[in-house]
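Peer 1: Okay, structure incoming, though there's no sequence with it:
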């Protein structure tokens, strides 16, 4: 099964769990709306790519790890779109969850997705229960306190924030969780050795996101654009200019590739990361 | 160490984890505000009481399980108090988290507390890693979809809801998680056998909560009162009347005691539950 099929299948299983008879149907519909149809699935593909490079001896566990990372990403999108943050009307080309289902269900759907990420890990763990602790710590630290994406988002509520710390937590931490979890799902891997790859890819992705926010239109992105500038947010474009940000993105991608630990699939993974990184530069800036 | 000291100590460790250098300080302060000073700690005391009755052979794991249940309870209070739900100004005699820190940090603090519950379990698990999966499933199912407290809260967003199903999910599910987790933290226990005790205590507690909302004042409770009636919510008082609700509470407490599974500490636990249940009836109705 290819990576994308594995991811979609694991996510479908997870969301189906919410649709049991006797569960509140509008909450289940809000979860489905938040998770499907697919976004880029960049983070879970990274998890599976690292798992493949590490031997992928328990594919069901790696697939669950990938799904849990994506569920947490979807949760963060639902909550970041709330009126008290971005008040975004659209996401992935559709109404945001609070526009489609109301604010109470958007809060609850985000909460349920966070829990579902951990339920998904736990339900897959019986095939290798001794790996569950490391997986949970990778995933939990990527999303929660002290340095996960929730902490990153909270820097927007502080009087002073350091740009690189803010971005490392807000975006990089879940990329690091994605690479670490991919290794933690496999036998004989050293999960922490994979943190640097995730950190660098996360930073590259954040620069790419800042670039897209600056040069793309809403129809292309499926969400509002120009938000960073309008809200006076820290951004790589504001700091380095457009072409400076492109150069930084390329440098970070190269650094990422060089940080891939020794593993049986190292060459394959290098090729894959370079290919993905190339696609991060908006087309109108690629020349 | 007595139960309350174990609970407060585990919660203090968990919140301290959020206060690492480099973490956003206002988020950490919001977590501390949400968790301390203590509420009744009814659910984590139940977890430790069940663990004690089951032998409590890994006290660090049982304490972490208790803390994780309380962290999830605190998370649900923070999110239920948000303007899009109850818009409560006070909680446990202090300003609610969104009144003290603003709505964005209240959303994020709730999210971080949910994750922290799972981080707390994972960090304690190395002493008995084979028990982590069952613990996570108990805790995850108690809070998430399809039938956890988040699902229960979501019934308020449905056009039709069954009172007993709504209450079982909104309140009972975390009590069931508390009893099941207490057993799952111990060797040789059968966690699922403890669900019925949790279900019945949860229902009793919900009836007690409805009674307090109807007869107590804000100064006694530390939160707004008369909310159920004002919002036209389903409530045992609306359904059975004041004295009918008291009779129901007593019946449920007796049923709970009778559902305690065979275990070495059965007699001790029966006494404890009866004592706690007696305190649930508001004093002005106890005669």
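Peer 2: Alright, I've got the coordinates. In this text the structure is predicted, and so the values were computed from the model without any measurement.

Peer 1: next helix or strand past the helix or strand harbouring residue A:49?
Peer 2: Using DSSP states H and E, residue A:49 maps to helix A:42-53. Remark: after helix A:42-53, the chain's next helix or strand is helix A:59-80, criterion DSSP H and E.

Peer 1: which helices and strands does the helix holding residue A:49 pack with?
Peer 2: Counting by 3 or more C-beta pairs under 8 Å, 6 or more residues apart in numbering or on different chains; DSSP states H and E, the packing neighbours recorded for helix A:42-53 are helix A:3-17, helix A:59-80, helix A:173-184, helix A:195-215, helix A:266-278. The way it works is simple: take the backbone N, C-alpha and C, and place the C-beta from them, glycine included.

Peer 1: so of these, which one's packed in deepest?
Peer 2: helix A:173-184 (a mean of 30; mean count of other C-beta atoms under 10 Å in any protein chain shown).

Peer 1: can you give me the offset of it from its chain's centre?
Peer 2: Taking C-alpha atoms, centre = their mean, to the nearest Å, the mean C-alpha location of helix A:173-184 is offset from the chain mean by 10 Å.

Peer 1: and what of stretch A:184-192?
Peer 2: Worked out by C-alpha atoms, centre = their mean, stretch A:184-192 lies 20 Å from the chain centre.

Peer 1: repeat for stretch A:235-243
Peer 2: 22 Å.

Peer 1: Likewise for stretch A:83-90?
Peer 2: Counting by C-alpha atoms, centre = their mean, stretch A:83-90 comes out at 19 Å from the chain centroid.

Peer 1: likewise stretch A:19-31?
Peer 2: Worked out by C-alpha atoms, centre = their mean, stretch A:19-31 lies 24 Å from the chain centre.

Peer 1: Does chain B have contacts with that stretch?
Peer 2: Yes - judged by C-beta under 8 Å from any C-beta of the partner chain, stretch A:19-31 and chain B are in contact via A:19-20, A:22-28, A:31.

Peer 1: List the buried residues for that stretch?
Peer 2: A:23-24, A:26-31 (16 or more other C-beta atoms under 10 Å in any protein chain shown).

Peer 1: For the residues you listed, work out which two are farthest apart.
Peer 2: Greatest spacing in the buried residues of stretch A:19-31, by C-beta to C-beta: A:23 and A:30 (11.8 Å).

Peer 1: got a list of contacts for the helix holding residue A:49?
Peer 2: When contacts are defined by C-beta atoms under 8 Å, 6 or more residues apart in numbering or on different chains, helix A:42-53 is touched by residues A:3-4, A:6-7, A:56, A:59, A:62-63, A:65-67, A:69-70, A:73, A:174-175, A:178-179, A:181-183, A:185-186, A:194, A:197-198, A:201, A:205, A:260, A:263-266, A:268-269, A:272-273, A:276.

Peer 1: again, but for stretch A:83-100
Peer 2: A:30, A:33-34, A:37, A:39, A:77-82, A:103, A:105-106, A:109-110, A:153, A:156, A:218, A:222-224, A:227, B:102-104, B:107.

Peer 1: quick one: which of the buried residues of stretch A:19-31 is nearest residue B:243?
Peer 2: Closest approach between those and residue B:243, by C-beta to C-beta: residue A:24, at 31.8 Å.

Peer 1: For the closest one, which non-adjacent residue is closest in space?
Peer 2: Excluding the flanking residues, the one nearest residue A:24 by C-beta to C-beta, 6 or more residues apart in numbering or on different chains is residue B:154, at 4.1 Å.

Peer 1: quick one: average pLDDT of the helix or strand encompassing the one you found?
Peer 2: According to DSSP H and E, residue B:154 maps onto helix B:149-154. On average, the pLDDT along helix B:149-154 is 96.

Peer 1: Quick one: distance of that helix to the chain centre.
Peer 2: 13 Å.

Peer 1: about what we covered before: Produce a PyMOL select command limited to the buried residues of the contacts of stretch A:83-100.
Peer 2: Only the buried entries of the contacts of stretch A:83-100 go into this PyMOL selection, using 16+ other C-beta under 10 Å:
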select buried, (chain A and resi 30+33+34+39+77+78+79+80+81+82+103+105+106+109+110+153+156+223+224) or (chain B and resi 103+104+107)
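
Peer 1: Inside helices: which ones of the contacts of stretch A:83-100?
Peer 2: Taking DSSP state H, the ones among those that sit in helices are A:30, A:33-34, A:77-80, A:103, A:105-106, A:109-110, A:153, A:218, A:227, B:103-104, B:107.

Peer 1: and residue A:136, how far is that from chain B?
Peer 2: 4 Å (C-beta to the nearest C-beta, to the nearest Å).

Peer 1: Wondering if stretch A:69-80 reaches chain B at all.
Peer 2: Yes - using C-beta under 8 Å from any C-beta, stretch A:69-80 reaches chain B at A:75, A:79.

Peer 1: rewinding a little: greatest separation within the residues of stretch A:19-31 next to chain B: which pair is it?
Peer 2: For the residues of stretch A:19-31 next to chain B, and using C-beta to C-beta, no pair is farther apart than A:22 and A:31, which are 15.6 Å apart.

Peer 1: Need the pLDDT of the spatially closest residue to residue A:32 that is not a sequence neighbour.
Peer 2: Nearest residue to residue A:32 in three dimensions, chain neighbours excluded: residue A:15, at 5.4 Å (C-beta to C-beta, 6+ apart). Model confidence at residue A:15, given as pLDDT, is 97.
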